[in-house]
Structure formats: C-alpha cells, structure tokens
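> got a predicted model here, sequence first, then my questions.
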Amino acid sequence: MSLSETAVFDPLFGLAPWVVFLPVIGILLNLLFGRRLGEKGIGAVASLAAGGSFVVSALLAYGLWRNPGGGTLLLAKWLTIGAFDVNWTFRIDTLSAVMMLVVSGVGTLIHIYSIGYMHADVRHNGDPSRFQRFFVFLNLFIAAMMILVSADNFLMLFVGWEGVGLCSYLLIGFWFEKGADGIGNARAGKKAFIVNRIGDFGLLIALFLLFSYFGTLNFSEIFEKAPQVAAAAPGAVLAITLFMLLGVAGKSAQLPLYVWLPDAMAGPTPVSALIHAATMVTAGVYLVARTQALYVEVPLAQDVVTWVGGLTALFAATIAVGQNDIKRVLAYSTISQLGFMVAAVGMGAAVAGMFHLVTHAFFKALLFLSAGSVILGMEHGREHGNAGGHELDPQDMRNMGGLRRRMPLTFWVYLIGALALAGIAPLAGFFSKDEILLSASQRQPAVFILLLAAAFLTAFYMGRQLLLVFFGRARSPAAEHSRESPSIVTLPLVVLALLSLGGGALNLPGSHWLETWLEHTFHGGQPGGFNWTVAITSLGIALLGLLLAWLVYGRRPLASAETADPLARPLGPLFRGMQRKWWVDELYQAVIVRPYYALAGFLAGAVDQTVIDGIANGLGSLVRGAAQYWRGLQSGYVRSYALTILIGVVLMIAYLALR
Amino acid sequence: MNLGIHPLVLVTFFPLVGFLAILFIPGQRKTAIRWTALVTSLLNFAISLWVLAKFDRADAGIQLALRTPWLRLPGITIDFFLGLDGMSLLLVLLTAFLTPVTILSTWSAVEEKVKGFMLFFLLLEVGMTGVFLALDLVLFYIFWEFTLIPMYFLIGVWGGERRIYAAVKVFLFTMFGSLLMLLAILYIGFTAGSFAWQDLLASRELFASMQLWLFLAFGLAFAIKVPMFPLHTWLPDAHVEAPTAGSVILAGVLLKMGAYGFLRFNLPLFPQAAVQAAPWMAMLAVIGILYGAAVALAQKDVKKLVAYSSVSHLGFVMLGIFALTMQGISGGVLQMINHGLSTGALFLIVGMLYERRHTREMSAFGGIWKVMPVFAALTLIVTLSSMGLPGLNGFIGEFTILLGAFSSPVLNTPWFAGLATAGVILAAVYLLVMFEKVFLGPVKVEANRLLKDLSAREIITLLPILILIFWIGLYPQPFFELINPSVERLVALVQNAAMAVH
Amino acid sequence: MSIGAIIVFGVMGFVVVASAVGMLISRNAIYSAMFLVLNFLTVGFMYLSLGAAFIALAQVTVYAGSIMVLFLFVIMLLGGEQLPFIDALRGQRMVGVLIGIAFLAEIVLYVVLRGDPGGGISLTGGTFATPAAIGMLLFNKYLLAFEITSVLLLSAVIGAIFLTRSAKQPRDEAAQLNKE
Amino acid sequence: MTQADFYSILPIIVLAGWALLLLAVDLWIPKERKSLTALLAAVGLAVSLGLTLAQGGTSALTFGGLIMLDGFAVYLNVIFLVSGLIAVALGYDYLKRMGMERGEYYVMMLFSISGMMLITQAYNLLVVFLALETLSIPLYVLAGFAHPKLESQEAALKYFLLGAFSSAFVLYGIALIFGATATVGLDGILAALQGGTANPVLFSAGAALMLVGFGFKVAAVPFHKWAPDVYQGSPSPVSGFMSVAVKAAGFAVLLRIFLTAFPGLAASLAPAVWVIAALTMIVGNVMAIIQSNIKRLLAYSSIAHAGYMLMAFVPYGSEQNAGQSVAAMVFYLIAYGLTTFGAWAVVVSLEQAEGKGLTLDDYAGLGPKYPWLGVAMTVFMLSLTGVPLTLGFWGKFYLFKTAVDAGYAGLALVGLITSLVSAYYYLRVVVMMFMRSGDPRVRRDGWLSLVALGAALAVVALSVVPGRLLEAAANAVLRLQ
Amino acid sequence: MPMVYYLGLSAFMFVIGILGMIIRRNPLVVFMSLELMFNAANLVFVSFASYHKVLDGELFVFFVMTTAASEVAVGLALMVAIFRAKKTIDIDQMSSLKG
C-alpha cells in the first residue's frame, strides 16, 4: 500500500503512460487523417491503438509478476498551490493492472467487432461519415478509462472518471437525431451525463474532505494515514466514504442513481457492451476496491455500501424481468450485477468483487455484442423482409423468436453468456458470484438473502430472454429474414465466449490465483473460501430460475408480437411495476426535474426580470417621477419663481433664528 | 528608467499607435483598417510576451514598477504609477491575447462603421491594460472609468435591437459603483496622504477604523463589475445587445476587472474587513453560482444563457477569492483566465451562429452538428471547458477554488463549497440543454440545412483559445507558477489580519 | 426723545406703510404710482428728519421726481391697463401673503428685536451729513464708484435705446407670432 | 488716483473704454460688415487679456481699499475675458444667421465683462453692488437681444424682474451688514467682526440675504428657477456666456466676500449652504433628465454644476480648508467653463432660425454625419458627467476631495449619486448623436468649429497634464486674504 | 428715536415690496414694488448712517438711486418693447418658457 514497498522499479513500468498515449495517438491519427484512411484504415488504427494498449498492459502485468510490489511513475507536475500538490502520476500495481487488462482486452475485442458492426450501422442510419467519429470516441474512451484506472491520486482518477462519462455522453447520443421525437438519444446522453454529475458531486466533496483531513490526494499517503485519521475524526472518514459512495452510485448505476443506464442503451451496441457493461460502469466498483483502506475503517459505510449493492441487485433484477427490449434486459441485468459487485466490495470482499467484475466484463460484453449481432440480423431482415415494416423495432424481443436457426453461432455464444450470467457451473459467472454470496452469507445474512433472490431472478430473466429470442417461431418478417453476422463481428464473440467459459479459472477455489495476485494491493483482506452449501444453493436457485422461465415461456412460446406477456396476468400490478420500471423515472421527473425547471423559470422571470431588475429600473422611474412632479413647479410664471426665492429666504432666516 | 521604452508603458499605450494610424485611414478602406487593428493588437500581444520574459517568477512583489509624480494637489500627489505582479501579468496577457482574437472575429461580423469600431476597440485595450497595471488609486480609477466609454459605444452603436437601453444600463450600473469607490479613494487619500498602492499597504492602519465602509465602497464597484448577485442584471442585457466582439471582451476581460479589484485593493488594503465580510461575500457568490445556473436554464436566447452562465462562473471566482486561502485565490485567478477563454469562445461561437442565421433563439436551431460538424466539435470542447470537465481548463479553476473554499479557515464551514459544488451539476444541466437544443436532434428548420461550416478564418479565431483550453487543463503548472508567489504574499497578509479578528 | 418726535415718526411711518399698501392693492397702475410717489416723499421727509438732507433732496428729485415721472409716462404710453381679476396661479396670492407675513415676522422678531443694536438716533446732529462732507467722500474715497456709475448709466441708456429702437421694425416672424 | 490705482484696474478701464469706442465706431460700420465690430471687440478683449496676464503675480489693495488686485482676481479675470472672446466667436455667425447683427451685442458684452472683473476685484460692498448692477444690466439687454422674438423678450423680462428682486435682497443684506459693522469695506467688516463690535444678528441676517442674492446669480436652488427659462429664451451665445461667466462672477464675489470678510460666519452658515448645495445638485440633475430641449438641458446641468461648486464652498471657513476650497472651485470653473462653452458651441452650430434644431431629436445622427462635432460633443458630455480623461473629471475629483477632506463625505455622496443621475441625461445626448439615425443640419462656421474642437481638445489634453492648471488654481487662492 | 423703529418700518416696506412682486401681474406695479424694496434698504442705510454717524451709508443710498435709475431705464424699455410685440403687459402671459 505504501510507496516504500516499491523496492524495485521494474523497467517495464516505464511504459505505463503508453496505455494512455497509444489511444491518444489513435485519436489524433484518425482525426487528422481519418478521411484519407477510409473505414478499414480507421478501424485498423483504432483497434491497433487499443490493442497496443493491451500489449502495454500485458507487459506491465508481466513486470508486476516480476516485481509484484508495483510502482509509481511521475509523468509531469500538474498542480502545486501552497500545500496542495498533485501530479500526473501513474500507479502500477496488481489492481490497476487487472483493470487495464480488462479494459484494453475487452476494449480491443469490441473495437474489432465495431469495425463490422458500425460498417452496417452507419449505413442503416444513413450517415457513413460518422464511422470515423465513432472510433475517435471509442479511443478517447480507452484513454480516459486508462487514466482512471492507472491514476495514482484522486484528482487524476477524477479526470478519467469524468472523461469516461463524457465518452458515454457522446456515444449514447451518437445518433443524436434519432430516438423518441428525434431527440431521444441526445436526451439519454444528457441524462447520463447529468446523473453522473450528481454522482461526481459526491466524489468531489469526498475529494475536498480528503484534502482537508489528509492534506493530500495521493493514494498511498491517504491509505497510509487512514487509520490515524479515522481514529482522530471518524466522522470525517465516514463522510468521505459515503460521499464517495454517491459517486460510485452514479458511475456504477446503483440506487438511486441507476436511472441513466437503461436509457444509455440508445448508444450503438458496441458502446453498450464496452462502456455500459464491461468497463466504465465498473469504475465505481474499482473505486471502492481501490479505497478499501478507507472503507475498512468505518464499518457503517461498509454496511451502507453493501446494502446499496444488495438492494440494487434485487431491484434491477425485478425490472429486468418485465422488459421487452433485448438490450434493456441486459442493461438492468448489468445494474443488478453491478449491485453484486458493489455489495461485495462493500463487505470488504474486494477480491470477490474484482473477480466478478472481470468475469462480468467477459460475459456481459459477450451478451451485448451477441445482442448486437441479433440486432444487426434483425435490421438486415427488416430491410430484406417483404413486409415493409420500417417502424418495426429490431430490438424488441417480442418481434424475434426462432433466431436459433437463422443465427446459430450467435445463439451458441449467447447461450454461453446467458448461462454464465445465470451462474451455472462451471462457467465464469458461477465462481465469481459464488464468492460474493459466500462472503455475504458470512457477513451480512440479510444481504445474502437479497442477493440470492437477485440471482434467482437473473436466471429467470436470462432464461426468458433466451426463450423469447432464439426459441419458438419467428414473430415478425424481420426475424424470418434475419441472417448471421459477418465474421469480423462473430470472431470477437467467440473469443469472449471462450473467456466466459473459462474465466472462472482466474480464481478457482483452491488456486485463488487472482486473490494472490491482488493481495499485493489489498493487504489484510480475508481470504476467500469455498463453501459447498452456498455453492449448491446458488446453483440450485439458478437452475430453478431457468426452469421457471422454461415453464412460463418455453412450454408455450409466444404466438405473436402482440400477445401479452404470460406473466402479466398472474402477477398483475406487480408485473406492471416491473414493466414500468417501478415508475422511478416518473418520480424523478415529478420531484426533481420539473420543479427545477419551474424554479428556473420563476427565477428568470419573476425574480430576475421583475424584482431585481425591477428595483434598478424602479429607481430610475422614481427619479423620473420626481422630475415630472417638479416640472409642474417650474410653471413659467415669474411670480411663482419669486415666491420660491422668498420661501428659500424664509427658511434660511428661520434656520438662523432657530439655530 | 526612460519613460519612452518602459515595457509597461509600451504594453499599455501601444494600441494608441494603431489608433492614430487608423485615424488617418479613410473609412471606406475597411480591409486596411482591419489589418491595422489586427497587426497592432498582435504586436501588443508580442509586447506583453516581452513583459512576461522580463518578469521574475520568483519575486512575489511588484515588478517593473514605474512611478513618476503626475499631479500635485494640496497635501497629496497623484502618481503615474504602473507595476505588476503575477496576477496582473496574467490578466494583461489575457487582454493582449483576446484582443487580436476578437478583432479577427469581427472580420465579417462588423461591416458598418468599421473605422469607429476599431478605434474604440483599441482604446478599450488601452483602458483594460491600464486597469491591470495601475497602482495608484486615482490612476486606477481613471483607467477603470475610461474603459466604460469605448464599451458604451461598442454596445450602443454596433449592438442589437435594444442596444441603447443596454449601453446606458452598463454605463449607469458601473458608474454607480465606481462613484462610491471614488469617494472611498478620496477618503483614503485624505487619511493616508497618498494614493499609491504600496504606500497605502504600509500605512493601512491610518484608515483601519473605517475599513469596513471602505471595503464596502470598493466592493460595490467591483461587485457590480464582476457581477455578483444581485447586482448582475446589467450583464445579460449588455451581452445580448453587444456585438460579438464586445461580448467577448466584456466577458473575457472587463468582468475580470472587478475580481481583480478585489484582489488588488480590497483584500490587501482592508484585510480585517475582508475577513469579516468573507462569509457574506461567499454567500453571495454561492447564490450567484446557483442562481445564475438556474436562470441560465430558463433562457431561450443562447447569448443570454451564456451571459447568465457568466454570473455563475464569476460566482466561483468570487468564492475562491473570499475563501482567502492559497488554493481559493490562485484558483480564482486562474478561473478568471479560464472564464475569459471559455466564455469568450462561447460568445465567439454564438456570434458565428448569429452571423449565419441572424437569430439567437435556440428554438431556431437544432441538429446543427449534422450540418456543421467542425463547428459542433469545437463548440463541444468549449462547452465542456465551460462546464468544468476535467482535463480542460475550467475544471482546474473550479476544483482549486472549491478545494480552497472547502477547507477555508475564514469561511470555517464546508457549506459554501458544498453548495457551490452543486453548481457543477447545474452547469452541466444548462450547458447540455443548450448544446442539445442547438446541435443535437434532427434539423428542423429548413434554413439550417444550408449552413456553411466554419471558414479557415473562423477556425483560426477559435484555435488559439482551444489550445489554451487544453494547455491549462492538462498542464496548468506554468500559470500557477506565475500566480502563486503573489497570492502567497496576499494570503499571508490576510491570514495575519484574520488572526487579529478572531 | 420727545413725544413730538414720536408722533411725527408715527405719522410718517403710518403714511409710509399705508401708501405702500395702497400701491400694492390699487388695481389701477396710475393709483399705484401715485401711492408710491407719496411713499417716496414721506421717506424723503424721514431722511430729512434723520439729518440726511442731501439724500432727502435726492430722494425727492430723483426718485419721486424723475423716476416716478418716467413710470407715469410709460403707464400712459401702455394705457394703464387693468388686468382681469382672474389669477392664473391659484393660491399664489394666499401663499404669497402668508409667506410674506412669515417673513415679516421673522424680520421683526429676529432681525429687528433680537438684533436691536440698542440706543437710538439723536435727530439733532445737523452738521454731520453736510453736502460738503458728502461731496468730499464722494470725490475722494468713492471716486471710482462714481465713475462706475457713469459706465452703468451709459450701458443702461444704450440698452434702453437698443430695446426700444429696433422694435420699430418688427420682423416678419414676430408679426407672425403675434397673429397666432 | 495714483499710478498703482490705475494699474490695478487698467484692464477694466481699457475694456470699458474700448466698449465706448466700439459703440462710436460701430455707428460707422455698415450693417453688412458687422464682422469688423466683432473683430474689434475681440481685439479689445485680447488687449485687456494681455494686460490682465501682465498683472499676474502682483498683489495690491488700491483706491483706498475699494479694489483688490491679487492672483484670484487675475485668474478669474482671465476666465471672464476668455469667456468674452468665446462669446464673441459664438455670436459672430449666430447673429448673422438669426438676422440680428447688431454691434450692441459686443458693446454690452464688454460692459458686462467689465462689471464682472470689477466685482471680482471689489473690496468694498458699495463697489460690489455697483459692479453687480454693471454686469447685470447689460445681460438683461443681451437676454432680450433677439427681440422682438417673444421667447427672448420673455427671458429678458424674467431675468430682469428676478434679477432686480435678488439685487434688492443683496442690497438689504448690505444695509444690515452696514448696520452691524458701520462700514461697507471688507477690511473694516473683518476688523469689526474680529474686534467684536459687530452686531451678530444683523450681521448674520445680512450675510444670509447676500447669500440669497449671489445664490441667484449662480442659480442655486431654490433661487434657480429663472435659469432654465432664461437660458432657453436667450440667444444661445448669450446663454453660454451666462452659464459660464455669470456663474463664475457669482462664485467669485461669493468667495471674495465670504472668505475675506465673513470667515467667522462659516460655522453657522455651513449647514444652510450644505442643504443648498445638496438641493442644487439634486434638483438640477433630476430636472435635466426629462428635458428635451438642449438649451434647457444645459441650463439644468449648469444649475447642477453650481451645486457641485457650492459643495466645495461649504467648508470655506476652516483655516486649512479655505485654500483648497477656493482652488477646487476656481479649477472647476475652468474645467466647467471650457466644457460648457464647447457644448454651447455645438448647440449654436445646430441651431437654426426660429428656434429649430434645439431639441434632442435634432441631434440624431450627428455622430456619423459630422464625426468631429459628434466626438467633441461627446467629450463635453463626458466631461460634464465627470468621466476620466476629461477635465471635468479632475474638476469633480478636486471638489469631492475638498468636501471629503473637510469631513463632508455625506455631501460628497449626494454629489456622486447625482452625478450618476446626470450620466443618464448626458448620455442621452450621446445616444442621440451616435446611436440613432437622423439627418441633422449643421452650420459650418470656422469660429464655431474652432471653439468646439479647441475646447474638446483642451478638455482632453489638459486632463492628461492638468498640473499647470492646478498650480494656477492653487496660486489663485493664496493671495485672497 | 430708537433704531428699531426704523428697522421695523423698513421691514414693513420691504415685505410689502416683496408681496407686490409675488401678487401683482402688472409688471409696472411689480417694478414699483421693487423700487419700494430698494427704498426699504435705503431707509436702513440712512438710519444706520445717522446711528453710527458714518457717512458711507448715505453715500450708498446715493449710488443706489443711480443704479435704480439705470434699472428703470432698461426695465421700462423692455416693457415697452414687449407691449409693442404682444399688446399686453400681463406678466402671467409671459410664461411660455417652462418645465
């Protein structure tokens, strides 16, 4: 945790800045020469930049393997004002290396996937010139994310933190003229940015508190001092961690700030996979993991984090059950899974949280990209289907059905991803989720129940999705005419599927490879274990969920796109609540957004124009009024003027007399 | 020192050379006039860089001072006293930097009475530079008031529909404040027997008993200029009606004069009063931040929105100054520069839109990104800088200000900074709404389909600002190195006073 | 101070005030002028009683004589017009009189009574203000003043001539204005 | 009459004598060539000016105590004579244009200026009174100079009746002071005061009444009401002359008498003068904002400026402030005089026959069409407002400084706030000229342009280097007592 | 005679003169009232001259008379001129300049 541990500075660590520089170079190349490079060239440059980043990350990891103590690298002085001193410093340790590998690894795959996906997408949406822009944004994201995970201080982390938010905004609104009323996508981007800003507000306050109590923003110094400060001012550390939690809730889409993530699905599918599933949204988890040293000092904060995670996991899962949009289901699933991770890091099971983060990155990216493949297929089918149903939503699962036969590869990888997510042994998700559940059962039995329920629902909605999309009969012409995606799209799917299959190997019970690796960063974390009871319970619950899904959706597939969901009747208003996302958006709209707009209007109209400006103008009118009144006294009659003089004289003599 | 070549005299009065040259160019030869003005202002920028080169960063005191007696009144002498420290140098650089940029922006925007426009513009530059360099209270006041005249004409002659109302309002508001300042200046001169800043610094005990009143009198003048809530209502009118170049300079430099005044005079000369007033000033600053942001959201006119955003941004500057900590004040000074760049650029952008469509109603736009991608990209960067995105300049300023205010021993409560931080959210709201309404969504209005993207000249106008936006955002250290020594001295001075108060 | 002197002063004082009031309230300007002549004459007598023979003489000849004759001439010239009783300025008379009385009260109560220099004037010193003494003073100490007067009178004469002479040829615009 | 006596009033003698000569010569100058009269009048003024300047630095009490020659007198006499020159320059073309080219204009002007010079040098209340009449009576005629134009006649009548009314107050005041001190010489009065032989009540009442009379001359509220009507009705050059020279004369005599003879009265009069000054600033400025006639606007502006000068007069009694009071006021007279004359020159340029060209609307578009004239008028308006880099700023600065130094910050505050009000109406003129379109007609005349541009240049240039002027003003003070 | 008597008498004259100025509309009568005011002042001068035995006061009156004469000359000329142009001498009619 301390710099002193950096006994040996591995020469490979000197490469650290290149994880950021390479994507930046990619951006510049594509910005300046994009026009001349053409789509292939752009894709290649961007992918190479991301891939290069991955290679550098791998080299860093290798360096860490040799010198697990890690190290820091000062790139440049940044800000020095009095006692406040922060620099552009990269931190290379096992935790950041894991994140770098995940980000650049998944990122590279998604870059490659995007070459194919966006080639089709820009043509579907009628503006091929945006191909270049997409890759610029994507590289920008990699750069920002790398800054986030490699930062050695909170300020630099914050740069990345907001940077990825910006990319998220840009990419959600990538098709800014599309969506509801033509503005829906842009609005979704804005919503994401603003909600994230609310979270950032918390993070900023946490930063200020950190500086005022620790006198620095550097990780190592803060973590070193944490016990002393916590002893001296426990309230302060509690406040710091809770405000930080607000930031986490924003970025990692936890209650109550999760609302932006479902809307973020307006972005192109690779974006959903990369940013809104695999990497960016896990930044919150990373932050809590990174600041374990603070959280362990205040158990209350840990409890709060755990509860937030647990509640989010269940809450989002319920909503996922009621969704029909293929990506939205995945989005709520992401929120739910993030809840798992947050709960884990909240409980102090940082390794479990990170483990789930990694496996989730694999299988959720896989699921999203496969969903993208499905959507591409549907769009293709929509265009080639005879029925000119151009209003047909290619993402609505009710319009799909039977795609198993038309898109076999996609089906198989989707199945792997779904099962991994559902937590079916021995896929990756099973192991990581199991570790979380185990920790919960040991430390927070109540949250354990919540997570168990969420796990059950996870299996259920994934089963529902699989059945609606790939089984039964095609319920629309588009589904009938869909076709398998090109290999540049499917290739990354296969790679991700393999990772989802075998990702659990990272931290298999017994080897605990990841734990050993991360231990160089997390000191004193409790070792994970394996408990047959918990494992069997979770597996059983997952299977139960899948079974129930088959009972509801598999036995009697939906007849047509218009058929009501079989759950609607038995669950009644409950299902409506799931469908309508428990009216949270409406609630926020009514309680925050609209009142704020009204307040703004009131301030601008009544207060600013009428009262404040009115006072200034009123003074002017007052003077003018006085002048108008006095004008009457300047009557033009010489006798009246003489009288005025006399009055003056009388007053003056009176003053003299009465003095 | 030879008066003729003293760098500060040169940097202050050099634009007069261009002024005289333009005076003798016939009014119809617009291009010649424009080039003369541009070259003059560029040379002046070069001179300001020369001043920078002569400046010793390690020295916290006044440098390159020039002091000669100007007028002798009974019992007191008014000096021609110029000098600078890091803070003023930075603002002089900003002035010299923004002026050519702005002149370039008028190339096609100002077609009527080009000669007069350029004449006033160069005069304005003299006045603004003088304000930042003058160290004699009376000389300062003269420059301060003098800037009003060219600005008044720039708004009144080349402005929009309600330009006269706006021009007069600017004049009267500013004058209201500065008259009280004049009274305070006279009082100080009477009690201390000098108008020179350094003398007063040494002998401020002489008027210490009245310092709260003096603080308020100076403060009113500066607060109106800044402008602080609730004295801000002149600003939206001025901005909306002013020609683009006027808005840029108004936001970029003129508003800074107010904040600079607080730093140069209110804090060092009346430190105890400053400490006493700090919570109240901070309160007004915070109200300004939140209020400006909220009101900006309700605007339909882009320019008005940007104008109210200035109110919000300058609230940050004021909060930083009255945090009375190193971070707060340094951040405040940097934020002045940042605001000059970002908001200046925003006004340039609005001007470019206006030139194309002759309207600033946001409802008349929408989907512009599709038509003008380069323009949209540049606007986006500027907008993000304005809302304080890390990595760009605005963030550095806001962050350091809030950091300073949060742990300020004078304010003694995190509430100010906390609420101000909420302003960061609101800034995102109104700026994103603006960006959305203008640039995103489908192209709804036919006239917008044919808009031409930026010309090379327009890009060149924005480019220097963008470079600085990134520079300050990523590597602000050189700027802080300029600011820090003077601020350190100032803070030490005020902290001593704070000790005396508590 | 003899009773006789007081009676004389009282009578003269009464005449002075009464004639002044008469001038003030006479609706016909000629009557006003006549009252004023009476007033001036009485004041002249008062000067005489104060031992200022030269001034008294000047008062009678210059004031009551030439100046008032000039007035009468002009009144005759302009027709001694009686103006209609309606006063365009409502309340002017009322307020004027009230404030005038206030002023009088101030002067009497403050200036005259509080500022009473005390003592009186002996009306016997006949040798004090002899014409010779006045002449000496006038042509020694006040010679300059005397010469100023000449300039003053000259400029007044030129002015008077200018004002009346050119009016003989009224310009067209004036004629037009008259018609309106 | 000794040589010293003669020398002390030589400029006045020359001027008055020249006026007589001019009167005679004018009879032989044909109507078409009245420019010769103007030229001759200017020569007379110039000669007198030269003699006055030659008097600089000397100081003498002559005519057995009737006349004082000192720096103050020289300074003010220069103001009067320069005012006269400017008034001649303004009148020359104006009279021709308005069809009233009469030599009496110049003669009356010279007489009036003689009176002003005399009143400044007067050291005896008798001379004061005579000089007051000498300067006033020609002015009554000049006010009515445009007769038979009714406006001009009305102005003359009003000025005459109210002027005589105020003279009566002065006279009554002098009489009371004579009663209190048994003398009319200023030195005698001072001696009586210091010796304690003066009757305090009569004395203060007399002084108050004199203050009324001079307050009338400088148009201080509430004795100001004649000014707007008279300035509007009189021929414009005369109005300009009145607003500068007569005001200067009023202040000159006020300072002369009150500082020399009545210093002990300052304490009791200060509150009254305070109120008068404040009222004058307020009423003048407030009334000006609703004026649409430029002459009337300038009239109210001149009332307001009298208030500013009175502000510095308030503390005249205290030893340490008296000098500064006078210096500030006489300095302001120059600043105000140059500015005001410049403004009137512009007014004269725009005025057309039958009173056209006098409303603010007639100024619309002046700036673009006649940039130099527009800029000059802008300079004047800014100078009257007191914006820096004009002489008006230094003038006000000095006045306010005097008030603040003497502890009258409250009065200074009133002055500052009313300055703000004044900015509004001065700016309206600028707004009209530069920001509204119109097609004004301007009389191109060399002398007018010279006055306008010269004044503008002086107002700006002297503001950059006001040192000498301030020095002169400071010197004008020292020899007063 | 007590000095105050003269002062009092002159005060009456002065005030009546003032009232004439304020109340009367005939400029000739107004003018006469002004003369009355001058006379009031003269009375003060003369009586104080006797009181103090100082001749300057009397001489002052002499000069006042001359100035009064010159004022009368100009004033009456003015009224005549106005009467010619306007055919009336009501000073209330002379109120076109106002405001």
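Nice, thanks for sending it over.

> what residue in chain E comes nearest to chain A?
E:Lys98 (2.9 Å; C-beta to the nearest C-beta). In this view, the C-beta of every residue, glycine as well, is placed from N, C-alpha and C.

> now that residue, nearest residue through space, not along the chain?
A:Gly636 (2.9 Å; C-beta to C-beta, 6 or more residues apart in numbering or on different chains).

> what's the burial count for the one you found?
By other C-beta atoms under 10 Å in any protein chain shown, the residues close to A:Gly636 number 19.

> residue contacts, it?
Counting by C-beta atoms under 8 Å, 6 or more residues apart in numbering or on different chains, A:Gly636 makes contact with D:Asp229, E:Ser95, E:Ser96, E:Leu97, E:Lys98, E:Gly99.

> ok so, going back, thought the residue of chain E closest to chain A was touching A:Trp630?
No - counting by C-beta atoms under 8 Å, E:Lys98 does not reach A:Trp630; the two are 11.7 Å apart.

> got phi/psi on the residue of chain E closest to chain A?
phi -160, psi 180 (degrees, to the nearest 10).

> could you tell me how far stretch D:58-65 lies from the centre of the chain?
25 Å (C-alpha atoms, centre = their mean, to the nearest Å).

> give me the distance between the two termini of it.
The first and final residues of stretch D:58-65 sit 16 Å from each other (C-alpha to C-alpha, to the nearest Å).

> what residues does that stretch touch?
Contacts of stretch D:58-65 (C-beta under 8 Å, 6+ apart): C:140-141, C:143-144, D:1-2, D:4-5, D:7-9, D:67-71, D:123-124, D:185, D:187-188, D:479.

> if you set the cut-off to 6 Å instead, what comes out?
Here stretch D:58-65 makes contact (C-beta atoms under 6 Å, 6 or more residues apart in numbering or on different chains) with C:Lys141, C:Leu144, D:Ala4, D:Asp5, D:Ser8, D:Met68, D:Leu69, D:Asp70, D:Tyr123, D:Gly185, D:Asp187, D:Arg479.

> also stretch D:99-113?
C:155, C:162, D:15, D:19, D:22-23, D:26, D:34, D:37, D:41, D:80, D:84, D:87, D:91, D:95, D:135, D:138-139, D:141-142, D:146.

> repeat that for stretch B:97-113.
So stretch B:97-113 is contacted by B:37-38, B:41-42, B:45, B:117, B:125, B:244-245, B:248-249, B:252, B:344, B:348, B:351, B:355, B:461 (C-beta under 6 Å, 6+ apart).

> just how off-centre is that stretch within its chain?
Worked out by C-alpha atoms, centre = their mean, stretch B:97-113 lies 18 Å from the chain centre.

> before we move on, the earlier item: closest one to A:Ala343 out of the contacts of A:Gly636, please.
Minimum distance to A:Ala343 across these is 82.3 Å, recorded for E:Gly99 (C-beta to C-beta).

> tally of neighbours for the closest residue to the closest one other than its chain neighbours?
The shortest distance from E:Gly99 to any non-neighbouring residue, by C-beta to C-beta, 6+ apart, is to A:Arg631 (5.0 Å). Using other C-beta under 10 Å, A:Arg631 has 15 neighbouring residues.

> what are the ranges of the helices in chain C?
For chain C, helices defined by DSSP state H occupy the ranges C:3-25, C:29-49, C:53-58, C:68-78, C:92-106, C:131-139, C:143-165, C:172-179.

> and if you look at the stretch 101-250 of chain B?
Secondary structure of the stretch 101-250 of chain B (DSSP state H, counting those that start in this stretch): helices at B:114-133, B:137-146, B:148-158, B:163-192, B:197-202, B:211-225, B:234-241, B:244-249.

> just give the number of residues close to residue 28.
Chain wasn't specified; assuming chain A. 14.

> that's the wrong chain, I wanted chain E
The burial count for E:Leu28: 24, using other C-beta under 10 Å.

> hang on, it packs against C:Asn28?
No - using C-beta atoms under 6 Å, E:Leu28 is not in contact with C:Asn28, being 10.7 Å away.

> wasn't the residue nearest to E:Lys98 part of a helix?
No - using DSSP: H, G, I helix; E, B strand; the rest coil, the assignment for A:Gly636 is coil, not a helix.

> phi, psi of it?
According to degrees, to the nearest 10, A:Gly636 has phi 90, psi -10.

> same check, this time on B:Ile25
phi -90, psi 130.

> do D:Gly386 as well
The phi/psi pair for D:Gly386 (degrees, to the nearest 10) is phi 100, psi 30.

> kindly report the same for the one 3 residues further on.
In this entry, D:Leu389 is assigned phi and psi values of phi 70, psi 20 (degrees, to the nearest 10).

> what about it, how many residues close to it?
Neighbours of D:Leu389 (other C-beta under 10 Å): 21.

> and for D:Phe6?
Count around D:Phe6 with other C-beta under 10 Å applied: 12.

> OK, contacts around it?
Taking C-beta under 6 Å, 6+ apart as the definition, D:Phe6 has no contacts.

> then the one 5 residues further on?
For D:Pro11, the contacting residues are D:Ser48, D:Leu51, D:Thr52, by C-beta under 6 Å, 6+ apart.

> nearest to chain E: which residue in chain C?
Closest point on chain C to chain E, by C-beta to the nearest C-beta, is C:Ala156, at 3.3 Å.

> with adjacent residues omitted, what lies nearest to that residue?
Nearest to C:Ala156 is E:Ser70, by C-beta to C-beta, 6+ apart, at 3.3 Å.

> same thing with B:Glu161?
B:Glu241 (7.3 Å).

> so what's the closest residue to chain A within chain C up against?
Of all residues in chain C, the one sitting closest to chain A is C:Tyr110 (4.0 Å; C-beta to the nearest C-beta). By C-beta under 6 Å, 6+ apart, the contact set of C:Tyr110 is A:Ala657.
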